[in-house]
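Asker: Attaching a predicted model along with its sequence, questions to come.
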Amino acid sequence: MKISTVLELLSQDTKLIDIEVKGWVKTFRANRFIALNDGSTINNIQCVVDFENTDEALLKRITTSASLKVTGELVSSQGKGQLVEVNAQKIEILGTCDSEAYPLQLKNKPSLEYLREHAHLRFRTNVFGAIFRVRHSLAFAIHKFFNEKGFVYLNTPIITASDAEGAGEMFRVTTLPFEQTPKTDAGEINFEEDFFGRSTNLTVSGQLEAELGAMALGEVYTFGPTFRAENS
């Protein structure tokens, strides 16, 4: 049986028999209503559980962020907030999650500062889910625009010995040990013993390499990333 995405199911306006969907539990209310999300859309699909005929031990394992495979029937929703929902006929738990230890609790809306400390989970929040979807759409539109205009996309170096326009403080890249940094006879850092043999940094601009590319390829553009050691 083909696994359907949440986006596909939410786009349906007809009854589908024997559908399967996989995803992570966003919420589980009243031992009956599972909000399931698989990343295909920021929206969840509601899966309705017949809790009276479902093993209690299974219900206890359906916690926030547990991963499930739900087999059932897509029907028109009887409640508010969604047009369709899944009548769950079979639930398979693919991965459990300790709800007490899980850092993203719905009862305490996490701040951006808190999410920095749990960066591996921030994509699961609506805030970052929306941000990265918007970034994807903007980046795709920019590439599409320049491609249609005949521009060539250049991947300019991220590590460079150039400071471009002297536009800002740079992040130094080195393999030299900080504890015993080799020095020259003049007491300066001996970059000849470094990986690149000279002082190198993360780039603040791809402009110089783009100028070289333009002299050979004509119309070109770059698309970062660039780095500046500034609070902004």
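Answerer: Cool, the structure landed.
Asker: which regions of the chain sit below the pLDDT cut-off?
Answerer: 107, 165-168, 232 (pLDDT under 70).
Asker: Might you calculate how far stretch 30-39 sits from the centre of the chain?
Answerer: 21 Å (C-alpha atoms, centre = their mean, to the nearest Å).
Asker: For it, give the distance from the opening residue to the closing one.
Answerer: Using C-alpha to C-alpha, to the nearest Å, the end-to-end distance of stretch 30-39 comes to 24 Å.
Asker: Just the residues contacting it, thanks.
Answerer: 5-6, 21-29, 43-49, 51, 59, 62, 68, 70, 86, 88, 129 (C-beta atoms under 8 Å, 6 or more residues apart in numbering). The C-beta positions use only the backbone N, C-alpha and C, and glycine is treated the same way.
Asker: Helices - which of those residues land there?
Answerer: Among the contacts of stretch 30-39, the members found in helices (DSSP state H) are Val6, Leu59, Gly129.
Asker: Once you drop chain neighbours, what's closest to the last one?
Answerer: Sequence neighbours aside, Ile42 is the residue nearest to Gly129 in space, at 5.1 Å (criterion: C-beta to C-beta, 6 or more residues apart in numbering).
Asker: these two touch, right, the one you found and Val127?
Answerer: No - here Ile42 lies out of contact with Val127, judged by C-beta atoms under 8 Å, at a distance of 10.2 Å.
Asker: can you pull out the helices in this protein?
Answerer: 6-10, 56-60, 112-116, 126-148, 207-217.
Asker: Of the ones you listed, which stretch is the most buried?
Answerer: helix 6-10 (a mean of 18; mean count of other C-beta atoms under 10 Å).
Asker: Counting by contacts, list what that one packs against.
Answerer: Helix 6-10 sits against strand 16-29, strand 45-49, strand 84-95, with contacts defined as 3 or more C-beta pairs under 8 Å, 6 or more residues apart in numbering; DSSP states H and E.
Asker: Pick the most buried one from those strands.
Answerer: Counting by mean count of other C-beta under 10 Å, the most buried of the helices and strands packed on helix 6-10 turns out to be strand 45-49, with a mean of 22.
Asker: Count the residues that sit near the residue nearest to Gly129.
Answerer: If you count neighbours by other C-beta atoms under 10 Å, Ile42 ends up with 12.
Asker: do Gly79 as well
Answerer: Neighbours of Gly79 (other C-beta under 10 Å): 9.
Asker: for it, what are its contacts?
Answerer: Neighbouring residues of Gly79 by C-beta under 8 Å, 6+ apart: Gln46, Glu85.
Asker: what's the answer for Leu10, then?
Answerer: Here Leu10 is in contact with Thr41, Asn43, Ile45, Gln82, Leu83, Val84 (criterion: C-beta under 8 Å, 6+ apart).
Asker: Okay, it and Cys47: tell me how far apart.
Answerer: 12 Å (C-beta to C-beta, to the nearest Å).
Asker: Between the helices and strands packed on helix 6-10, which one is closest to Thr160.
Answerer: Nearest to Thr160, of all the helices and strands packed on helix 6-10, is strand 16-29, at 40.4 Å by C-beta to C-beta.
Asker: need the contact list for Val49.
Answerer: Asn31, Arg32, Phe33, Ile34, Leu59, Ile62, Ala88, Ile91.
Asker: need those in CSV with distance to Ser99, can you?
Answerer: Listed next are the contacts of Val49 as CSV, based on distance: C-beta to C-beta, whole Å:
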residue, distance to Ser99
Asn31, 14
Arg32, 17
Phe33, 16
Ile34, 14
Leu59, 13
Ile62, 10
Ala88, 20
Ile91, 17
